[in-house]
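Q: Structure, please.
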Amino acid sequence: MSGLTSEMVLEIIELENGELAIRNADSDDEPMIKVNFSEELRDKLSGEYLDVARVMLTAGIQMVAETGLELNEKEEPEPEPTIH
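A: Alright, predicted model coming up:
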């Protein structure tokens, strides 16, 4: 099956540096997508910046899923051909 599978649970987190990110909830791996707002924009958006980030991150994951990429499987290198 390609794309996002039903067994993959994603979460939106706030990183120590203030960036908002989306990652696999079952992992502490590097986030898949990060979004960063300037302090000026955060102030202008008030608490709404979290909603804006959620929409941006969700759209990014949906676009990746539409490409047919498997996000929950590690990519394994192609085996070397055997020459007889």
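Q: Distance of E19 relative to M56?
A: Between E19 and M56 the distance, using CB to CB, to the nearest Å, works out to 12 Å. Using the backbone N, CA and C atoms, a C-beta is placed for each residue, glycine as well.
Q: Walking through the chain, point out its strands one by one.
A: Using DSSP state E, the strands of the chain run over residues 10-14, 20-24, 33-35.
Q: Quick one: residues in contact with the shortest one.
A: Residues from elsewhere that reach strand 33-35 (CB atoms under 8 Å, 6 or more residues apart in numbering): 15, 19-22, 53, 56-57, 60-61.
Q: how about those in JSON lines, adding distance to D43, pLDDT and neighbour count?
A: Below are the contacts of strand 33-35 laid out as JSON lines (distance: CB to CB, whole Å; pLDDT from 0 to 100; neighbours: other CB atoms under 10 Å):
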{"residue": "L15", "distance to D43": "19", "pLDDT": "90", "neighbour count": "12"}
{"residue": "E19", "distance to D43": "17", "pLDDT": "89", "neighbour count": "14"}
{"residue": "L20", "distance to D43": "16", "pLDDT": "90", "neighbour count": "21"}
{"residue": "A21", "distance to D43": "21", "pLDDT": "90", "neighbour count": "18"}
{"residue": "I22", "distance to D43": "24", "pLDDT": "88", "neighbour count": "21"}
{"residue": "A53", "distance to D43": "15", "pLDDT": "90", "neighbour count": "21"}
{"residue": "M56", "distance to D43": "18", "pLDDT": "89", "neighbour count": "14"}
{"residue": "L57", "distance to D43": "21", "pLDDT": "87", "neighbour count": "20"}
{"residue": "G60", "distance to D43": "24", "pLDDT": "82", "neighbour count": "15"}
{"residue": "I61", "distance to D43": "27", "pLDDT": "81", "neighbour count": "17"}
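Q: so what pLDDT did the residue nearest the centre of the chain get?
A: The residue lying closest to the centre of the chain (CA atoms, centre = their mean) is M32, at 3.2 Å. M32 carries a pLDDT value of 85.
Q: these two touch, right, it and I12?
A: No: counting by CB atoms under 8 Å, M32 stays clear of I12, with 10.8 Å between them.
Q: Thanks a lot, catch you later.
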